[in-house]
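Enquirer: what's the 3D shape of this:
(chains A and B)
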Amino acid sequence: MAEKAQPESETRFSVMSHQLVPTHILLDQKEEQDVLARYRTTKDALPKIRRTDPCVQSLEAKAGEEIRRGRIIKIFRKSETAGLYFTYRVVVD
Amino acid sequence: MIFGIRKRIKAIKFAFLSPNEVRAMSATKIITADTYDDDGFPIEMGLMDPRLGVVEPGLRCKTCGRKVDECPGHFGHIDLAMPVIHVGYVKEMKRLLKSTCRQCGRLLHKPIEIPDAEGLEDVTEAPPEAAAGEGDDEMAIPVFREDERDTAQVRVCPHCGADQVKITLDKPTSFREGGHKLTPKEVRERLERIPEEDLRPLGINPDVVRPEWMVLTALPVPPVTVRPSITLESGDRSEDDLTHKLVDVLRINQRLRENRDAGAPQLIVEDLWELLQYHVTTYFDNQTSGIPPARHRSGRPLKTLAQRLKGKEGRFRSNLSGKRVNFSARTVISPDPLLSINEVGIPMEVAMELTIPIRVTPYNTEVVKGMVLRGPKNYPGVNYVIRPDGRRIKVTDKNAQNLSETLETGFIVERHLVDQDIVLFNRQPSLHRMSIMAHEVKVMPQKTFRLNLSVCPPYNADFDGDEMNLHALQSEEARAEAKILMRVQEHILSPRFGGPVIGAIHDHITGSFMLTHRDQRFDRDEALFLLSFIGTERDLPRPAGKDQSGKPFWTGKQIASTVIPRDLSIEYKASVCAGCEVCAREKCDEETGYDAYTVIENGVLKCGVIDEKGIGAFKGKILDKIVRDRGPDEGRVFIDNITKLSIGTIMLRGFTTGISDEDIPPEARRQIDDVLQKARQDVEDRVEAFNQGLLQQMPGRSVEETLEVEVMKVLGRARDQAGNLAGKYLGLENSAVIMAKSGARGSMLNLSQMAGCIGQQAVRGERIHRGYEGRTLPHFRRRDLGADASGFVSSSYKSGLRPTEFFFHCMGGREGLVDTAVRTSRSGYMQRRLINALEDLKVTYDGSVRNTSGTIIQFAYGEDGIDPSRSVRGEAVDVDDIIRDVLGVEVLEDEEKAGFRYGEYEADMTSTQDEFETEDEGGDEDFGGD
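Expert: Model (predicted):
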């Protein structure tokens, strides 16, 4: 039931600009390989994120391309202990 | 991919046993309810039929020909005269009956609505590869929860047009259609009618399951190994509960068959049928709601199949998640302050029962031979010898000589525990990793386990009858691992808050306070007596001076300094610190007499006392610094030494407390009474103002609440004033005060309640209002809102309470007890759930947190990758400490501004004190023992 992301217009509210939503970044092929190599793991061991997640949709709109299953998204979070913490999520349907 | 895992469980399939399968796997049909004949031999085709397996040693199984322990047992079966519903599947049956037609058995959907294999993908959002790539078996089978609701609305079958009647479940095992009761037979017929292609949408795989199998026609009889009979001393046989239940089933089955075949009246047959249903139901689950549990002749409910598995005593929790173990011991614990924290004292009896396997090598043959020669009764001896062929030989006095001579390289010898062996020591409840720690054995006389008092806090142990468990490790790897990871000294710093959990308690703190407070002087003999407590050889320092008579003396600070590491420097405010407006720092001693500013420079105690803040468990800063900077070895030595020194001091000087410590002069008593009288009057005035409606309402509160708040404030203040008045007369020459101020035990609040006034009693955080109509007790007038009528206790514990006060105090006390009981049970359950959820997570070498399947849970443990037990109060680095170390400048620590300092951490966590709480530690003490 994958709905097509609505194009982000000026009027539409963007989740990414909300203060509680952490920064999401789409990784490219090379970066993906680096991450997997660093943690010596495969994509199926990473935490997941839905393609229908508003943040992914928003990234899709920004990138102007479809984010396919298996792409990795890096998320920067504020952390109480570390200050800044990043996590990776792999896109699933 | 995780290395080492060769096989993975891909799927688990659940299916029902068909009646044919039950009969096929059956070794025999069971027809008689009798078990043994008059000669005590099992009856053929009875419940103890020899073909069901062997339980008696020496016999061979009639089915497989194997002996006891080799034969796994074999199922039998009972052919039921009439079909019976299986309790475990009533919900499923209800679902099926409701969503299928009563006539044709088809799913109550229009044909188009029944999704076929292609349609499924759309409906369920099944991932395309799941349907496409794999065979039919693995195809995701959708369960139509929504469809069930839809079909409940359907009145007419879309296939055959039959009218549908609503089916209800008449708990526990009968179905009702409209007013008519469905017999199991009818239910079975209906389930039989459901066509295979309609089963898949209902979440059932028709390849392995037919729904009608949920109605039993053949009942499997478990092998005798599952329900062994026991022979009592008297020679009587006692059968297992399951056997009893099966006897019931057989008996009724038999009667039902006879009656049915004889053409008995419908009513009688139905009654028997119902009875058979009851017996089969309780055979599966004897706690089915809605029916009385089947009971033993003694009145005890039978433990049937479900009861064997369920709950804390069930197979899962007590036999699969947890197991009984060998090489373990349990006994009462008692203290021994002279043991190291790493040690545990073990009774000789235990040491001679628990063993450690030793492999005989050319290097130890002689020693081991000697041990074997001593036999099992002479310590340190050997209980068993294991030959290279795996045969275990019990060593006895008779064969010891012989065995010792035959001993060769390659033999394994199970020798007694000896000093320095590594064992695990545990106290339940094991809530912590510190609840199981590795200790070094110290074999001792007497029958208790002995442990150092400093390790009581992590185990939460006391000596009012506590028992602890001990496990002797059986392999070299286990011992090495335990020694490195689990030794007590490795757990001095807690991962809970990054501070020490092991440290001085109670008398250790009192002793160390007495040693170091102000200018304590000891003559030569005394100084040597103290130092003699620290085992290692060391020189008496140069005397601090000479007294009037010219005899040399040593100061307590000097003696304490001997156990402080050479180059340790630290500065902090001690527990006794009164929190003056302007801190006198090093001059604290001269100016206030508290001696509360502690300075240690290069291992020399310059000023201040060493009390709870210095060495106490949870709070000790010196301890914290030593362990953090120098490692657990030095930490352990320090704890051992400082506590021994403290014990020496307290023995030398003597220390006692009694109710006379709370004596205050009559003058003070009068002042306190004045204060309380004034407060009482104050409350009266406010109540009066309230009654006349003159009370100024507080924002956001009703007038009544305002009164309560104000009264509570007044009384709280009165209690504090009374406490302060009493406290004025309780100085540091007072033992009880020494304990309270140094942090050894008790608080000033406790003392003021003993000497001054106990204060307001509370139930649910409010003054006491419950009781009779308009009043708490018949001693008061109705609508009396005064202090005494609502639970204010103006007496002290020492003077004793008036009857009304005593009653109120009991009310408050009971709430405290109930609260702790509720808290422990609730937190226990939460702990269980948390552990079940987190048990397979671990921090891997790259710092990430993963579960056993390798899925990453967190990319860095705790998001910062910091081991909390190596952290400084939760922070990765202690900047202040580094500045001090590098520059030699003390960073002034402003306690108020710093806010959260871990010294106060414990207090924050445990404190439930509000302004008028009476017991400071709630249910901390329970003298009932275990």
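
Enquirer: Please list all residues in contact with the closest residue to chain B within chain A.
Expert: Across chain A, the shortest distance to chain B (C-beta to the nearest C-beta) belongs to residue A:82, at 3.5 Å. Quick note: C-beta positions are derived from backbone N, CA and C, even for glycine. Residue A:82 sits next to B:860, B:862, B:863, B:864, B:865 when contact means C-beta atoms under 8 Å, 6 or more residues apart in numbering or on different chains.

Enquirer: for residue B:664, same thing?
Expert: So residue B:664 contacts B:672, B:726, B:729, B:730, B:755, B:756 (C-beta under 8 Å, 6+ apart).

Enquirer: Could you find the closest non-adjacent residue to it?
Expert: Nearest residue to residue B:664 in three dimensions, chain neighbours excluded: residue B:729, at 4.6 Å (C-beta to C-beta, 6 or more residues apart in numbering or on different chains).

Enquirer: dump the residue contacts of the one you found.
Expert: By C-beta under 8 Å, 6+ apart, the contact set of residue B:729 is B:664, B:665, B:668, B:755.

Enquirer: what about 10 Å?
Expert: Contact analysis of residue B:729 by C-beta atoms under 10 Å, 6 or more residues apart in numbering or on different chains lists B:662, B:663, B:664, B:665, B:667, B:668, B:669, B:671, B:755, B:756.

Enquirer: Quick check: of those residues, which has the highest neighbour count?
Expert: Counting neighbours by other C-beta atoms under 10 Å in any protein chain shown, the top entry in the contacts of residue B:729 is residue B:756, with 34 neighbours.

Enquirer: and residue 60, which of the three is it?
Expert: Chain wasn't specified; assuming chain A. For residue A:60, the assignment made with DSSP: H, G, I helix; E, B strand; the rest coil gives helix.

Enquirer: cool, and residue B:205?
Expert: Judged by three-state DSSP, the three-state class of residue B:205 is coil.

Enquirer: If I look at the closest residue to residue B:602 other than its chain neighbours, what pLDDT would I see?
Expert: Excluding the flanking residues, the one nearest residue B:602 by C-beta to C-beta, 6+ apart is residue B:567, at 5.4 Å. For residue B:567, the pLDDT comes out at 86.

Enquirer: for chain B, what are the nearby residues on chain A?
Expert: Contact residues (C-beta under 10 Å from any C-beta of the partner chain) of chain A with chain B: A:1-2, A:35, A:38-42, A:44-48, A:69, A:77-88, A:92-93.

Enquirer: Repeat the analysis, applying 8 Å as the threshold.
Expert: Chain A has residues A:1, A:38-42, A:44-47, A:77, A:79-83, A:85-88, A:93 near chain B, with proximity defined as C-beta under 8 Å from any C-beta of the partner chain.

Enquirer: coming back round to it: and the contacts of residue A:82, which are buried?
Expert: B:860, B:862, B:863, B:864, B:865 (16 or more other C-beta atoms under 10 Å in any protein chain shown).

Enquirer: The helix or strand hosting residue B:423: partners in the sheet, and parallel or antiparallel?
Expert: Using DSSP states H and E, residue B:423 maps to strand B:422-426. Under the criterion DSSP bridges, strand B:422-426 sits next to strand B:436-444 (antiparallel), strand B:467-472 (antiparallel) in its sheet.

Enquirer: From the rest of the structure, what touches it?
Expert: By C-beta under 8 Å, 6+ apart, the residues outside strand B:422-426 that reach it are B:344, B:346, B:354, B:417, B:435-441, B:449, B:451, B:459, B:468-473, B:479, B:482-483, B:486-487.

Enquirer: quick one: average pLDDT of it?
Expert: Here the average pLDDT along strand B:422-426 is 96.

Enquirer: mind checking how far that strand is from the chain centre?
Expert: 18 Å (C-alpha atoms, centre = their mean, to the nearest Å).

Enquirer: List the buried residues for that strand?
Expert: B:422, B:423, B:424, B:425, B:426.

Enquirer: Closest one to chain A out of the residues you listed, please.
Expert: Chain A lies nearest to residue B:426 out of the buried residues of strand B:422-426, by C-beta to the nearest C-beta, at 31.0 Å.

Enquirer: who does that closest one bridge with?
Expert: residue B:436, residue B:469.

Enquirer: so how far is residue B:459 from it?
Expert: Computed as C-beta to C-beta, to the nearest Å, the residue B:426 to residue B:459 distance reads 8 Å.

Enquirer: What about chain A: which of the contacts of residue A:82 touch it?
Expert: Within the contacts of residue A:82, those near chain A by C-beta under 8 Å from any C-beta are B:860, B:862, B:863, B:864, B:865.

Enquirer: Could you dump those residues into JSON lines with distance to residue B:367 added?
Expert: Below are these laid out as JSON lines (distance: C-beta to C-beta, whole Å):
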{"residue": "B:860", "distance to residue B:367": "50"}
{"residue": "B:862", "distance to residue B:367": "48"}
{"residue": "B:863", "distance to residue B:367": "53"}
{"residue": "B:864", "distance to residue B:367": "51"}
{"residue": "B:865", "distance to residue B:367": "47"}
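
Enquirer: Now go through those residues and say which are in strands.
Expert: Judged by DSSP state E, strands contain none of the ones next to chain A among the contacts of residue A:82.

Enquirer: export the residues you listed to TSV and tack on pLDDT?
Expert: What follows is these, written out as TSV (pLDDT from 0 to 100):
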residue	pLDDT
B:860	91
B:862	88
B:863	88
B:864	87
B:865	87
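
Enquirer: Below-threshold pLDDT in the chain: ranges please.
Expert: I'll assume chain A. Along chain A, segments meeting pLDDT under 70 span A:1-12.

Enquirer: you looked at the wrong chain, it should be chain B
Expert: B:1-6, B:110-154, B:536, B:889-930.
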